[in-house]
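> this one's structure only:
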C-alpha cells in the first residue's frame, strides 16, 4: 500500500469505524428497556408508592432513604422478570428500641419483607399491572397491599392504583372487594404482635385509597422528575405516631449519577424533605473481569495465532501415551488447568484425566485448558480428551471434547454451535479403562484467613460485628477420608455491647448465641473427621463425626441419590448431636438430640428455579418442613429464599415466629482477576430463634456433587476456548 | 498388519489435508484485482483481502462475505417466509381485504426475486482490523465470495410501504425520520427493523409506550417496515417480521431488488 493510499484509507476508515461504533452503541441502547427507579421502600416505584414496573431480571439494589422519622435500608432482588422481593430494616427515630438499660438510646428498628408480582406486561393498549404487598410478614408496621397499573407515553410513565393498609390509610373508598364477601369490609388491627408471621387475615381488607403518579424523563438524560399521590394520611402510623400531612402530593427529582447510582431528593407530606440513595447492579449480566492473575493458557501448535516456529509448551514433542512423562504432565495440569490429578487412564483413543478441579469456576474452562496441555504432549493416537471430575474422592461427572474439533474451534474454523456437537457430558465410569498413571493425594493443607461476621438490627446495637483470624487445616488419610479443623482468634468486636439474651419457650438450641460469642476469645468452631463413598451408581454417601459446628458436636451421615442427567435429587441425613460448651473447646453440655432431614431437590426447569423441600426434625426436637426456592443465572449467581415451619412455630418461638431468610450468592470468579471456585454468600436471616433451627453441617452432598449440574458446562462452553 | 499400516499412512495423509488444500475465493467490488483468488495453506479472510488488494476507498461497513455452508439454512428461511406471505395474502383475500392481499402478494414476489446468498455476518471485513485481531480473521472455505462495494449515499425503506423508497442518507438521522419520508400502509404501529449494511439487524420500538432512543443509520442501511401484526395473525407466526428482516440482511449491500 502506497503512503498516499494509506493516508486516504485512514481518513475513510476512521469515520466509518466511528459511525459503526455509534450505531452499535445506539442499538445496544435501543434494546434496553428504560431502567426504572426505586421508591423510599426500595421497590421500583415513585416515592411512597410502587409502580407496576420491574427492574431487569438479576438486578440487585440497595436503597437507603430518609423521611422523618423513618430511615429505610432496603435490599431488593429481582429473581424473575415478574417477581420483585424487598427486604428492609427501618429505623424510627422518634421512638426508642426498648428500655434504656437494655438498648441505650438506640432508635426503634423494624424488619419487613415485600413482594410484588407483575400480572402482565405493557402492550399497545393494555398497561402493565402488578399486585403486591408491603411488610407482608413483619410486625405489620408498614403493612399494605396494592394493585397498580402503569402505562408509558413517551417520556412520561403514568401509574394509577389502589392501596390498602398503611399505604392506603386515607381510605378514599370503602372496600372495593366488599361486594364479593363482607369480610373484606373491615381491616383487623395488628393481629401479630410477635412479628414474623404472614398477616393473611388482613390482606386487601378494609377501605382503600387511590395512589398513582407520574415519572417523567426530562430531556436531560440523567434527570427524572416524579409527582405522586400518596394514599397514606399519616394519622395512624405504627408505634402510636400521628403526623400531620399538609399535602397528599409528593414531588421528587432523581439524578442518575451513573449506571449504578441514583440519588433523589424530594418533598413529602407537604413539609418533609426526602433523600434517597440507590446503589444497583445487574448480577446476571455481570461478566467476569479479565483473569490477569491466572496463568495464560498454553498455546497450541498449528493455529494462526501461535508463533511459528512454536516455542514453550507448543514446542514439546507429541509422544504416544506409553512414552509420555505423566508425572510432569500432571504437574502441568495442576498448575495450568487447576486439576488435582488422581489418575490418568486410556479408553481406546480417549484419554481420561481423573481429578478434582480446584481452580476454575467453569468446568468448560478446566476442560479447555486440559485439552491444550494434552494436545501439546500426546500424539495423534488420541482423539478425545476427557476430564473425570471428582469431588472429595467421589467421581461425579465426565466432560469430553473431540480433539480435532476443539483445535478447529480454537483456530476459529468452526463456530460454537459445531463445537457444542463435539463436546459431551457423561456419568462417570461407564467403560473399561487402562490406567496409565496414579498419584496419591496431598496429605496436608492449611491456611490462615481473616473472618468477619455480623448481626444486624438487634436491641443492643444496630450492628454487632466481629473480626477474627481463622486457621484452617486439613489432613487427608486418603482421597475419601480426611480430618478438618478450624481455630479462630478474636481480633476486634463490639460484643461487649451484647447483653441481650433472647427469650425462649423452647430448649435453648440457638438463642444461647451470646454466650458462644462472648465467652472465649480463642475458639475451635470445627474439628471433624469426614469420609465419603460412592455407594452405587448415582448414590453418594458421607459420614462424619467430631465438633461439627460452633454450637454442636456429634456424629452423622448423609446419603444422596442424584441420578445423572436428571433435574432432581433426593437425600437423607441423620445426626446425633450434643450441645458444646460456650468456650467452643472439647467440652460438652447436657442437651442432646437426634436431628435429620429428608430433602427433595428439584430443578424446575422454569427460569432455572431450584426448589429444595425438606421434612425433618430440628434442633429443638420440633418437626417441620423447610422450603427453599432459588434462581441460578447462567453466570452462576444465585438468589433465593427459604422458610421453615415446624410444630413449634408461632407463639412458642417468640419474636420472629418462624425461621426464614433470603440469600444471594456470587461466585468470586465474577469479582476477582483470579479464577476461583469459592462463592461469596450473603444470608439475611431476620432473627435467630430456637424453632426450626438446623444443624450447620460443614459439607452437604448436594453441594459436593454440584458438577453433576450440566447447565453450567453447557451454558459456558465458549469458556473452553479462552 | 499391512492394511493397518496403510490405514495409518492414509490417516497421516488426510490429517493435514484440510489445512494444506488450496481454496478459491471470488472477490468483487472495489478491489485492485477482482475475480477468483486461489490460495494455499491456512487461508484466512485477511489473506484473501490482501491478495485481492482492497482499495482504501472501499466501503468496509458494506462489505459482505458468503459461504456455501450457510445457503441451506437461508433457503429454508426464505421458503418458510414465502409460504407465510402466501398464507397472509390468502387470508386477506378471503377476508375481502384486497389491498392488503395485494401488498402481501407483491412482498412475496419481491422476496422470491432475492437470491439465497449464504451471507455470513462477520464483526468486521476491514482488512486492517482483521489483520490486527485473530478472532476476526476467520478461515475461508473453497467457494466463498467477498465483496467490497463503494460507499453508497442512500438509505432504503422497504416492507409495508406504498412503494420502496431510496432516500438520501443524512448523517445521524434517526430511522423513524426516513420512514416518515416514505408513505407506509398496513405497517405495524409499534416497531421498525433496521438492517445496517454490515448485516446486523435491530428492532426499534416506535410507539409512545415502547419508544426506543433514536438510532442513526449508516449509508446503505435498509429499514424494513413490518407488516401489521393484527393482520398477519393466524397466517404468520409471531416472529414473521423479525425473520423477514433477517432474510433481507442476507442480501449483500445493493443486492435487494427495489
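The structure has been received and is ready for your questions. Everything quoted here is computed from the prediction, not taken from an experiment. Numbering: from 1, shown residues only, chains lettered A, B, ... in the order given.
> quick one: residue B:210 and residue B:188 touch, right?
No: in this structure, residue B:210 is not within contact of residue B:188 by Cβ atoms under 8 Å, at 11.5 Å. Yep, even glycine has a C-beta here, placed from its N, CA and C like the rest.
> Please list all residues in contact with residue A:163.
A:49, A:144, A:145, A:146, A:208, A:209, A:210, A:211, A:231 (Cβ atoms under 8 Å, 6 or more residues apart in numbering or on different chains).
> how about TSV for the residues you listed, with pLDDT, neighbour count and distance to chain B added?
Converted to TSV, those look like this (pLDDT from 0 to 100; neighbours: other Cβ atoms under 10 Å in any protein chain shown; distance: Cβ to the nearest Cβ, whole Å):
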residue	pLDDT	neighbour count	distance to chain B
A:49	96	29	21
A:144	93	28	28
A:145	94	24	27
A:146	97	27	22
A:208	94	28	27
A:209	96	25	27
A:210	97	15	22
A:211	97	30	21
A:231	94	27	25
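> Make a markdown table out of the residues you listed and add distance to residue A:679.
Formatted as a markdown table, the contacts of residue A:163 follow (distance: Cβ to Cβ, whole Å):
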| residue | distance to residue A:679 |
| --- | --- |
| A:49 | 36 |
| A:144 | 35 |
| A:145 | 35 |
| A:146 | 35 |
| A:208 | 44 |
| A:209 | 44 |
| A:210 | 45 |
| A:211 | 40 |
| A:231 | 41 |
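> Please tabulate those in CSV, including the columns secondary structure and distance to residue B:45.
Output for these, formatted as CSV (DSSP: H, G, I helix; E, B strand; the rest coil; distance: Cβ to Cβ, whole Å):
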residue, secondary structure, distance to residue B:45
A:49, coil, 56
A:144, strand, 61
A:145, strand, 61
A:146, strand, 58
A:208, strand, 65
A:209, strand, 65
A:210, strand, 63
A:211, strand, 59
A:231, coil, 63
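> out of residue B:210 and residue B:188, which sits in the busier spot?
Neighbours were counted for residue B:210 and for residue B:188 using other Cβ atoms under 10 Å in any protein chain shown; residue B:188 has more, 22 against 16.
> mind checking how far the more buried one is from residue A:525?
As judged by Cβ to Cβ, to the nearest Å, residue B:188 and residue A:525 stand 63 Å apart.
> Is residue A:344 in a helix, a strand, or coil?
Judged by DSSP: H, G, I helix; E, B strand; the rest coil, the three-state class of residue A:344 is strand.
> Any idea what it is bridged to?
Assessed by DSSP bridges, residue A:344 has beta-bridge partners residue A:353, residue A:437.
> Residues of the stretch 101-250 of chain A that sit close to chain B?
Counting by Cβ under 8 Å from any Cβ of the partner chain, the positions of the stretch 101-250 of chain A adjacent to chain B are A:122, A:123, A:124, A:151, A:152, A:153, A:154.
> contacting residues for the nearest residue to residue B:92 once chain neighbours are set aside?
Excluding the flanking residues, the one nearest residue B:92 by Cβ to Cβ, 6 or more residues apart in numbering or on different chains is residue B:101, at 3.8 Å. For residue B:101, the contact set (Cβ under 8 Å, 6+ apart) comprises B:89, B:90, B:92, B:93.
> and the two most separated of these?
Spanning the widest gap among these are B:90 and B:92, at 7.3 Å by Cβ to Cβ.
> quick one: which of those two has more around it?
A count of neighbours by other Cβ under 10 Å puts residue B:92 above the other of residue B:90 and residue B:92, at 22 against 14.
> Run through the residues that contact that one.
Applying Cβ under 8 Å, 6+ apart to residue B:92 gives the contacts B:98, B:100, B:101, B:104, B:231.
> From those, keep the buried residues only.
If you count burial by 16 or more other Cβ atoms under 10 Å in any protein chain shown, the buried members of those come out as B:100, B:101, B:104, B:231.
> and the third one, how far is that from residue A:365?
This means residue B:104. 50 Å.
> Equivalent analysis for the second one, please.
When distance is defined by Cβ to Cβ, residue B:101 is 55 Å away from residue A:365.
> same question, the last one
Summarising the geometry, the distance separating residue B:231 from residue A:365, computed by Cβ to Cβ, is 49 Å.
> try the first one
The span separating residue B:100 from residue A:365 equals 53 Å under the rule Cβ to Cβ.
> What of residue A:629?
Separation of residue A:629 from residue A:365 (Cβ to Cβ) stands at 29 Å.
> Compare those two (neighbour count), which wins?
Neighbour count, other Cβ under 10 Å: between residue A:629 and residue A:365, residue A:365 has more, with 27 against 16.
> Assumed that one was part of a helix.
Yes: judged by three-state DSSP, residue A:365 forms part of a helix.
> For it, which residues are in contact?
Neighbouring residues of residue A:365 by Cβ under 8 Å, 6+ apart: A:675, A:716, A:719, A:720, A:722.
> change it to 7 Å
A:719, A:720 (Cβ atoms under 7 Å, 6 or more residues apart in numbering or on different chains).
> Fine by me, thanks again.
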